[in-house]
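J.: Give me coordinates for this.
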Amino acid sequence: REEDHILWRACDALYNFSISESNSGDPNKIEAVKKEVYDMGTVKAAIPHLSSPDAATRRSSVMLINSLAQLEETKADIREKEVVAALINLLKPDEGVMTHEHASKCILTIADQYASKALILESGGVELLVNLINDPDPLVQQYTLETIALLGEDCECRISLNDSNVIAPLLEILMSDYPVIQALSLRVLYIVCQEECVRTSVKEVNGLETLLKLITDEELTDLHEGVIEVVGVCMLDTDQLDSMKDSGCLLTLATYITSANPSGQLNALRAVSTCSRKEENARILHDNEVETTVMSVLGGENAAVLSQACQTVSIMVANPLCKETFTKVGVVQALMKLIGHEDSKVQEMSSLSLANLSLNNKVVCLDIIHDENITKLVEVLETDTSPRTLSYLGHVVFNIVKFEALREELVALNIVQSLSACLTNPDTDVCISACKALAALVADSSARDELLKTNALGSLVSLLRTATNKEVLRKAAWTVGICVANEDMAKELNKNGALRVLMDMCGEESSSNLAVMALEKLLQYDLAAKYWHLGSLSQIDIIGDGFYDTGAHKPGDDFKSCKYLMDKKVDNKRAVLYIGTQGSEPEPVDLKSESSTTGSTTNIKTGRSTAKGKKSHKEEKKEEIPEAEAPKEIKDTSKPRLDSSFKEYIEEVTSTVQPLPTQLEQIKGLSVFVSNQMGGPVSDLSKFSSDLHIAQLKADLKSNVIPIGFVKRGIYYHRALLFKALADRIGSLLPLLEATITERGT
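T.: Predicted coordinates:
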């Protein structure tokens, strides 16, 4: 018809005008012309003619629309349901090559959006696109494959493609004379094979055999990478992998791994590592001795290949059979050589492989310990390398020290110092692995000695103080809790402020049970700190020399050492009461205090009372027989004055109270004794003041720390402390002394 002739000639003219600047190379000019044509309303005018009964009109209309399809305005127009359906109809076999070419390209421009994919699927476009894969026109093939690749990103489209038997034409077009088409075919295969049903279809048509033949063709090396990617996806299915074993495809793959260029090796190893994540697949690979193939690659020089080979080992050893085989073929020695590799990724992956290999495997741990490169492992832990490498090596050390027989050998290599360095690393995984390894090492006496020599304990405390990651805090608290089982380490931890840090942690609502346990253990080695913190001692807490009571503490206060309190200038705060039979110098004989109950004068040294104006028997003896002055003892400034009164108290209760026949009598006897030494019974505390007496003692001793035996006028907390201290010395009263000294002596 004349009308149709005019229409398609008009479309052709507009099409030619729209592409008139295409050869100019100026994108601005090209877009300006297209925009000018679009603004004429050409796209909306041409859309109805896509369904024209005249083939030439349909062809010219789709050519015009396709020439403007890169404009966003055009894309919006052709994404309409009716337009998509019309374009899909132009893919039918009875249309011409030019129509197919422009229609497929037009569909390609909108196939990237989910809504458009749904419309293509709904309009039956998938089956028509599959039919066009083997179209004689290479451009149609290209546009079709690119469109299918976009559609294949959607699960529903992949299933529809499989129902349309997409695999056979994709395998067939691999024989194309055009490398671009071959590469696109492999790309589409890789995408659609993400769906299990598609992989099953590949197996049904023996697709892997077809693919693996390509990697034996030296003229198709540019396709090998894509082929291996597709094979790797298909190997995820155990049935597929099993059929590869029977058909010899696995042998072909293994041969390729050992002979391919680095890029090919890299992709083949990725395929092996991906499929071996499934236990059944790893078993099949083991049956085909793939471990030996992977081992052969570990001796290479390409860093990327070495890294991937190490990663493959780390995955495959999850299977016990693979782990055993790798151990037998010497993989430990190969990996140990790579720990110090100049490439950080190789270091990381070799460390990961060693960590997985050594897990619960004493044979591997022995191989690591006795390897000539073991010193390199220790050295790497102290370097500023990848945090992942340090973390994995920390796990290696942890795996080794779980075996008691190997700890001492590892300690001799200065591993404690290396782990101590890891504790200061800002990476959380490094700190966690170092804490685990140190906690396991503490069981060995030589390791404990090394811990005390290094600053590892200080680093642990610092970690508790500054870390914000909950898992780091848990592991650090766990390690501290194990360390405090040793008295020397507990003292060292206290010197580094562990007590204060753990108290702060336990005071938080989200405190870890591990921190609470660590604090409880730490306090057992310092009853003075325990009493300061809890305000009470139980019957199993035996007060010994060196105990001191600083009084109630306020939130945020730090527990001070006795030496610190002694060195402080005398103040008007509560006196620190000290328990001990050892002292820095003889007790001064001129310190006296008056008894409030008898009116007698009590000598602080002896604790004996004599009437005023009378002389004791010893004083009379001294007047009758003058004695030579005893040489002065060298002062030990780390301890308070010698408390000979307390020593005499112990001797007296041992001889007078302990022999009493019943426990009740012992308690009464000890209570009376303590009362007498502290000024006698008190019925009204308001009429019994000890403040002046204590202040005088502090002034005379020039110290805030007062030995308990010096106190002759004491109130409830003085008496409770003395009672507990004496009861613990004679021992027999301990079963009755639970809560003898409770919250501040009440």
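
J.: so how many other residues sit close to the residue nearest to Glu156 when sequence neighbours are not counted?
T.: In space, Glu156 comes closest to Leu121 once its chain neighbours are excluded; the distance is 6.7 Å by C-beta to C-beta, 6 or more residues apart in numbering. Yep, even glycine has a C-beta here, placed from its N, CA and C like the rest. Here the count is done by other C-beta atoms under 10 Å, and Leu121 has 17 residues near it.

J.: Same question for Pro138.
T.: The burial metric for Pro138, expressed as a neighbour count using other C-beta under 10 Å, is 14.

J.: now Leu132
T.: Leu132 has 24 neighbouring residues, counting by other C-beta under 10 Å.

J.: Relative to Asp371, how far out is it?
T.: The spacing between Leu132 and Asp371, counted by C-beta to C-beta, to the nearest Å, is 60 Å.

J.: do the same with Ala725
T.: Between Ala725 and Asp371 the distance is 58 Å, computed by C-beta to C-beta.

J.: Determine which member of those two has the greater number of neighbouring residues.
T.: Here Ala725 and Asp371 are set side by side on neighbour count (other C-beta under 10 Å), and the busier one is Ala725, at 24 against 17.

J.: In a strand, that one, correct?
T.: No. Ala725: not assigned to a strand; according to DSSP: H, G, I helix; E, B strand; the rest coil it is helix.

J.: Make sure it is actually in contact with Ile708.
T.: Yes. A contact is recorded between Ala725 and Ile708 when judged using C-beta atoms under 8 Å, the distance being 6.6 Å.

J.: what do those two both touch?
T.: For the pair Ala725 and Ile708, residues contacting each of them under the criterion C-beta atoms under 8 Å, 6 or more residues apart in numbering are 579, 646.

J.: can you pull out the helices in the stretch 601-746 of the chain?
T.: Residue ranges of the helices in the stretch 601-746 of the chain, as given by DSSP state H, counting those that start in this stretch, are 617-624, 644-656, 663-677, 691-701, 716-730.

J.: Spit out the contact partners of Thr479.
T.: Residues touching Thr479, when contacts are defined by C-beta under 8 Å, 6+ apart, comprise 435-436, 438-439, 442, 460.

J.: can I get those residues in JSON lines with pLDDT?
T.: As requested, these are exported to JSON lines (pLDDT from 0 to 100):
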{"residue": "Cys435", "pLDDT": "91"}
{"residue": "Lys436", "pLDDT": "91"}
{"residue": "Leu438", "pLDDT": "89"}
{"residue": "Ala439", "pLDDT": "87"}
{"residue": "Val442", "pLDDT": "84"}
{"residue": "Leu460", "pLDDT": "86"}
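
J.: quick check, nearest of the residues you listed to Leu664?
T.: Ranked by distance to Leu664 (C-beta to C-beta), those are led by Val442 at 45.8 Å.

J.: So what's the residue count around the residue lying closest to the closest one once chain neighbours are set aside?
T.: Spatially, and ignoring its direct neighbours in sequence, Val442 is nearest to Ile482 (5.1 Å; C-beta to C-beta, 6+ apart). Counted with other C-beta under 10 Å, residues neighbouring Ile482 total 21.

J.: Quick check: the gap between Ile482 and Gly546.
T.: Going from Ile482 to Gly546 by C-beta to C-beta gives 25 Å.

J.: to the chain's geometric centre, what's the distance from stretch 253-269?
T.: 34 Å (C-alpha atoms, centre = their mean, to the nearest Å).

J.: Correction: the previous question concerned stretch 182-189.
T.: Per C-alpha atoms, centre = their mean, the displacement of stretch 182-189 from the mean C-alpha position of its chain is 40 Å.

J.: Flag the shaky bits of the stretch 551-700 of the chain, pLDDT-wise.
T.: 556, 583-638 (pLDDT under 70).

J.: one more time with 90
T.: Low-confidence segments of the stretch 551-700 of the chain, defined by pLDDT under 90: 551-568, 570-574, 580-644, 657-667, 679-692, 694, 698, 700.

J.: And the stretch 151-300 of the chain, by the same measure?
T.: Regions of the stretch 151-300 of the chain meeting the criterion pLDDT under 90 cover residues 175, 206-226, 232, 235-264, 267, 274, 288, 299-300.

J.: Strands of that one, start to end?
T.: When assigned using DSSP state E, counting those that start in this stretch, the stretch 151-300 of the chain turns out to have no strands.

J.: And for the stretch 1-150 of the chain?
T.: Listed in chain order, the strands found in the stretch 1-150 of the chain under DSSP E, counting those that start in this stretch amount to none.

J.: Please, which helix or strand holds the residue lying closest to Gly497 once chain neighbours are set aside?
T.: By the measure of C-beta to C-beta, 6+ apart, the closest residue to Gly497 outside its immediate chain neighbours is Val461, 5.7 Å from it. Secondary structure assignment for Val461, by DSSP states H and E: helix 456-466.

J.: Tell me the first helix or strand C-terminal of that helix.
T.: Next in line after helix 456-466, if elements are assigned by DSSP H and E, sits helix 470-483.

J.: in that following helix, what's buried?
T.: Using 16 or more other C-beta atoms under 10 Å as the burial criterion, the residues of helix 470-483 that qualify are 472-483.
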